[in-house]
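J.: with the sequence up front, the predicted model follows.
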Amino acid sequence: MTTTDTILEKLYENANPTAVDGMKNYGITPSEALGISIPILRSIAKEIGTNHELALELWNIDLRETRILASMMDEPSKVTTEQMDRWARDFDYWEICDQCCMNLFEKTSLAWKKAFEWSGKHEEFVKRAGFVMMARLAVSDKQATDENFLAFFPVIEREAVDGRNMVKKAVNWALRQIGKRSLYLNNRAIECAERVGDIDSKSAGWIASDALRQLRSEKVLERLNRKAAKNP
């Protein structure tokens, strides 16, 4: 029987203390970490399988690896708005924020609601989570229409003045990913980026210039044209 204790034993068997210092160079700064790589954690999660109750228990252990594993093992259909808010409040560095959004939150029925809601919060990593969700939905939500994403542009413009590094990078990511979804959204994203660039703000200027460089790139436009040709 798999329990939190047996999972912890497995994690400590795979601990790599020398990797912990290296993670700090990339802004991965949990209070406690074992230095286990993401591929190994994915392998462990696959071996254990999905389990909502175990995921909740693992999250309550303040360890980088248990929390990332929790996001990989949880069942999206059982995740509540209260759980999402509670976990988001625990985000204190970018990796756990992004992993949780990519592994779990974007797969829930609440993903769109939380993208809008969290993007207006003050807490740095809760706000980041809102924009990470926008970026990820642009990639993974195949059922959404282009028009669904238009509502994100006013939010991007509103929050582009937030100069905190982890926020502005996520705002930029959301803008770029939405603009790389289709030719139509590419044009709308470029228009949004141009408006952002007109804002008297250093962070807005960086977001706009970086996004425009990618959205107007030959590589992106060639891919979007090929996609449009296949799906007229």
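T.: Good, I have the coordinates.

J.: in the helix ranked longest in the chain, what's buried?
T.: When the chain is parsed with DSSP state H, its longest helix is helix 124-140. Neighbour counts over helix 124-140 (16 or more other C-beta atoms under 10 Å) mark 124-138 as buried. (Each C-beta comes from the backbone N, C-alpha and C, glycine too.)

J.: next: stretch 77-93.
T.: Along stretch 77-93, these residues count as buried under the neighbour rule (16+ other C-beta under 10 Å): 79, 83-84, 87-88, 91, 93.

J.: any chance of the residues you listed in TSV, plus distance to residue 24, secondary structure and pLDDT?
T.: Formatted as TSV, the buried residues of stretch 77-93 follow (distance: C-beta to C-beta, whole Å; DSSP: H, G, I helix; E, B strand; the rest coil; pLDDT from 0 to 100):
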residue	distance to residue 24	secondary structure	pLDDT
79	30	coil	98
83	29	helix	98
84	28	helix	98
87	23	helix	98
88	23	helix	98
91	17	coil	97
93	10	coil	96
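
J.: pipe those residues into TSV and attach distance to residue 149 per row.
T.: Below are these laid out as TSV (distance: C-beta to C-beta, whole Å):
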residue	distance to residue 149
79	23
83	26
84	21
87	25
88	22
91	24
93	28
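
J.: ok, the buried residues of helix 124-140 vs residue 29, which is closest?
T.: Nearest to residue 29, judged by C-beta to C-beta, of the buried residues of helix 124-140 is residue 125 at 11.7 Å.

J.: surely the closest one is in contact with residue 98?
T.: No. The pair residue 125 and residue 98 fails to qualify as a contact (C-beta atoms under 8 Å) at a distance of 9.6 Å.

J.: what pLDDT does residue 231 get?
T.: Residue 231 carries a pLDDT value of 79.

J.: ugh, wrong one, residue 104
T.: You'll see residue 104 listed with a pLDDT of 98.

J.: the residue nearest to it when sequence neighbours are not counted in helix, strand or coil?
T.: Of all residues not flanking residue 104 in the chain, residue 71 sits nearest, at 4.6 Å (C-beta to C-beta, 6 or more residues apart in numbering). Local secondary structure at residue 71 is given as helix here, using DSSP: H, G, I helix; E, B strand; the rest coil.

J.: looking at it, residue 71 is touching residue 99, isn't it?
T.: Yes. Using C-beta under 8 Å, residue 71 is in contact with residue 99, at 5.6 Å.

J.: neighbours of the nearest residue to residue 131 once chain neighbours are set aside, how many?
T.: Leaving aside its sequence neighbours, residue 131 sits nearest to residue 170 (C-beta to C-beta, 6+ apart; 3.7 Å). Per other C-beta atoms under 10 Å, the neighbour tally for residue 170 reads 30.

J.: cool, residue 147 as well?
T.: Using other C-beta under 10 Å, residue 147 has 10 other residues around it.

J.: so which strand or helix has it?
T.: For residue 147, the host element (DSSP states H and E) is helix 146-150.

J.: can you pull the buried residues of whichever helix or strand comes after that helix?
T.: Going down the chain from helix 146-150, the next helix or strand is helix 152-159, by DSSP H and E. Using 16+ other C-beta under 10 Å as the test for burial, helix 152-159 gives 152-153, 155-157, 159.

J.: elements contacting helix 152-159?
T.: Contacts defined by 3 or more C-beta pairs under 8 Å, 6 or more residues apart in numbering; DSSP states H and E place helix 152-159 against helix 111-119, helix 124-140, helix 165-179, helix 183-197.
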